[in-house]
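[1] sequence and predicted structure below; questions after.
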Amino acid sequence: MSVRHALLALLEQGPMYGYQLRTEFEGRTGSTWPLNIGQVYTTLARLERDGMIEAASGDSEADEDGSKRRYAITTDGRVEVATWFDEPVGRGEPPRDELAIKLAIAVTIPGVDVASLVQRQRTATMNALHDYTRLKRGAATDEPADLAWSLVLDSLIFNAEAEIRWLDHCEARLARRSSAPTRSTVAEEAAR
Amino acid sequence: MNPILTLADVTRVHGAGAAEVHALRGVTVTASQGELVAVMGPSGSGKSTLLNLAGGLDTPSTGDVVVDGTSLVRLSQSRRAALRRTSVGYVFQSFNLIPALTAAENVALPLELDGWKRGRARDAALVALDEVGLTSAADRYPDDMSGGQQQRVAIARAIVGQRRLILADEPTGALDTATGEEVLKLLRARVDAGAAGLLVTHDPRHAAWADRVVFLRDGLVVDESGRARGPEDLLDAEAAR
Ligand SMILES: Nc1ncnc2c1ncn2[C@@H]1O[C@H](COP(=O)(O)OP(=O)(O)O)[C@@H](O)[C@H]1O
Ligand SMILES: [Mg+2]
């Protein structure tokens, strides 16, 4: 998963404490995907179990939850990071898309006002796009950390835009369908 | 807030009898000082009709259009044309520049039509060209400019003098994304400086520069984004960073 690899890649820069890793991760992604510290230590424990990281030398006095230790990347860890950067993120199994699922179900269930559903979603997504655009206007882009955050914002912007365009497309297709005979009228006629 | 533009329950029927088209069927839209309002909708939904009514290029079948406190529907043709020249700036998709005139002459033209002396009109044109970052191109002809530069000249022409209402119909339609974004920045800056703007666009990313988005469908407003969202929402969004 991406958090695991992101933390590992950050450790390539040198040994770090868990809370430091969290700060670095959130700084570079504009806190778009906040990490809780428990999640960081769970991830670090798994990475250590898998031999990707180890206690940094000189930091051997480990406490229970690992909060006083610095972690260092191992050779296996470096190989893992290199592979992560080399390989494209898979699109084999599309992540679950709640909106696509909702719409697919809505169009098959009689009585759902799909046109209103589409419009409400478009307005909500437009509001989000508006907020991202405002943040983007405020984001300086010369510093590497600002650039990283600004690219994350761009990703949110492109995704929101794509969703609105897809909703426009759904609406146009639904409008075309409603002017054609519907499946239920066809079924009713067949039943006669 | 101070509405510079109010379209109150306007309808517009084109043609008559069997050929009657109800382009707008009771639409209310306002744009206040400092407010940029985007209009989105499928083609044929009435966007251009709305913009033409707002600018006094067309008159509503019923309803009222108020610009800067003056009702356009009660004005004579010539008074309406005069108000249009002094208060309203247009930006079209096809930049509509006059090829035989330089950038500065194109920008000064509406002022000269309004009776300004040539020298004073040119000075105002240079101020507007400076605002869109084109001071150095003042004496060039449209044909020697890129599409993005021509659209900036068109924006300078729309904002020259003290125009308080800027109307833009797909102003970024013929431009690439980055150049389109520049155009939006200029419109936004002018509105922030005290004008009101109405922007027709198909591009969600460009509409996102507006304070509100009005969604038109078959001549009716079906929804509006950004409504009743105060500074708190923005602060929340900032805090989420
Ligand atoms: N001058 C006109 N005469 C007749 N019909 C018109 C005229 N202008 C626009 N219409 C019709 O009015 C409707 C709205 O048009 P318009 O405002 O141009 O829509 P949009 O800009 O959203 O594409 C369309 O059905 C269009 O065909
Ligand atoms: Mg149009």
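    On my side now, so go ahead. Ligands and ions are numbered 1, 2, ... in the order given.

[2] what's the burial count for the residue of chain A found nearest ligand 1?
    Across chain A, the shortest distance to ligand 1 (CB to the nearest ligand atom) belongs to residue A:168, at 13.4 Å. (Glycine included, C-beta is placed from N, CA and C.) Using other CB atoms under 10 Å in any protein chain shown, residue A:168 has 17 other residues around it.

[3] from residue A:130, how far off is it?
    17 Å (CB to CB, to the nearest Å).

[4] what about chain B, any weak spots by pLDDT?
    Chain B contains residues with pLDDT under 70 at B:1, B:227-241.

[5] check whether the longest helix along chain A comes into contact with chain B.
    When chain A is parsed with DSSP state H, its longest helix is helix A:144-179. Yes - Helix A:144-179 reaches chain B (CB under 8 Å from any CB of the partner chain) through A:149, A:157, A:160, A:161, A:164, A:165, A:168, A:171, A:172.

[6] so what does that helix touch, helix or strand wise?
    With contacts taken as 3 or more CB pairs under 8 Å, 6 or more residues apart in numbering or on different chains; DSSP states H and E, helix A:144-179 sits against helix A:18-29, helix A:114-138, helix B:204-207.

[7] may I see those arranged in TSV, with mean neighbour count as well?
    Below are the helices and strands packed on helix A:144-179 laid out as TSV (neighbours: other CB atoms under 10 Å in any protein chain shown):
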stretch	mean neighbour count
helix A:18-29	17
helix A:114-138	18
helix B:204-207	25
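
[8] mind putting those helices in JSON lines, distance to residue A:42 included?
    Formatted as JSON lines, these follow (distance: least, CB to CB, whole Å):
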{"stretch": "helix A:18-29", "distance to residue A:42": "10"}
{"stretch": "helix A:114-138", "distance to residue A:42": "30"}
{"stretch": "helix B:204-207", "distance to residue A:42": "38"}
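
[9] could those go into JSON lines alongside distance to ligand 2?
    Converted to JSON lines, the helices and strands packed on helix A:144-179 look like this (distance: least, CB to the ion, whole Å):
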{"stretch": "helix A:18-29", "distance to ligand 2": "40"}
{"stretch": "helix A:114-138", "distance to ligand 2": "19"}
{"stretch": "helix B:204-207", "distance to ligand 2": "15"}
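
[10] okay, the ones you listed in TSV with distance to ligand 1 next?
    Below are these laid out as TSV (distance: least, CB to the nearest ligand atom, whole Å):
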stretch	distance to ligand 1
helix A:18-29	39
helix A:114-138	16
helix B:204-207	14
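
[11] off-centre distance for the helix ranked longest in chain B?
    Counting residues, the longest helix found in chain B (DSSP H) is helix B:177-192. Relative to its chain's centre, helix B:177-192 lies at 12 Å (CA atoms, centre = their mean, to the nearest Å).

[12] do stretch B:75-93 as well
    Taking mean C-alpha positions (CA atoms, centre = their mean), stretch B:75-93 and its chain are 12 Å apart.

[13] which secondary structure elements does the host helix or strand of residue B:154 sit against?
    Residue B:154 belongs to helix B:147-159 when assigned by DSSP states H and E. Applying 3+ CB pairs under 8 Å, 6+ apart, one finds that helix B:147-159 contacts strand B:88-91, helix B:103-113, helix B:118-131, strand B:165-169, helix B:177-192.

[14] ok, residues contacting that helix?
    Residues outside helix B:147-159 that contact it (CB atoms under 8 Å, 6 or more residues apart in numbering or on different chains): B:89-92, B:95-97, B:103, B:106-107, B:109-110, B:125, B:128-129, B:131-134, B:137, B:142, B:145, B:166-168, B:171-172, B:174-176, B:179, B:182-183, B:186-187, B:190, B:195.

[15] which among those count as buried?
    B:89-92, B:95, B:97, B:103, B:106-107, B:109-110, B:125, B:128-129, B:131-132, B:134, B:137, B:142, B:145, B:166-168, B:171-172, B:174-175, B:179, B:182-183, B:186-187, B:190, B:195 (16 or more other CB atoms under 10 Å in any protein chain shown).

[16] could you chop chain A up by domain?
    According to automatic domain parsing, chain A comprises the domains A:3-86, A:98-190.

[17] by mean pLDDT, show me the worst of the ones you listed.
    Ranked by mean pLDDT, the domains of chain A bottom out at domain A:98-190, with a mean of 85.

[18] ok, the spatially most central residue of chain B - contacts?
    By CA atoms, centre = their mean, the mean C-alpha position of chain B lies nearest to residue B:167, the distance being 1.1 Å. Contacts for residue B:167 were tallied using CB under 8 Å, 6+ apart; they are B:51, B:54, B:55, B:88, B:89, B:90, B:91, B:158, B:197, B:198.

[19] that one and residue B:205, how far apart?
    Residue B:167 is 20 Å from residue B:205, by CB to CB.

[20] go on, residue A:70?
    For residue A:70 relative to residue B:205 (CB to CB), the value is 43 Å.

[21] swap in residue A:96?
    Per CB to CB, residue A:96 is found 26 Å from residue B:205.

[22] thought residue A:130 was touching residue B:225?
    Yes - the criterion here is CB atoms under 8 Å, and residue A:130 meets it with residue B:225 at 6.9 Å.

[23] what touches both of those two?
    Common contacts of residue A:130 and residue B:225, defined by CB under 8 Å, 6+ apart, comprise residue B:213.

[24] was I right about residue B:207 contacting residue A:126?
    Yes - using CB under 8 Å, residue B:207 is in contact with residue A:126, at 6.8 Å.
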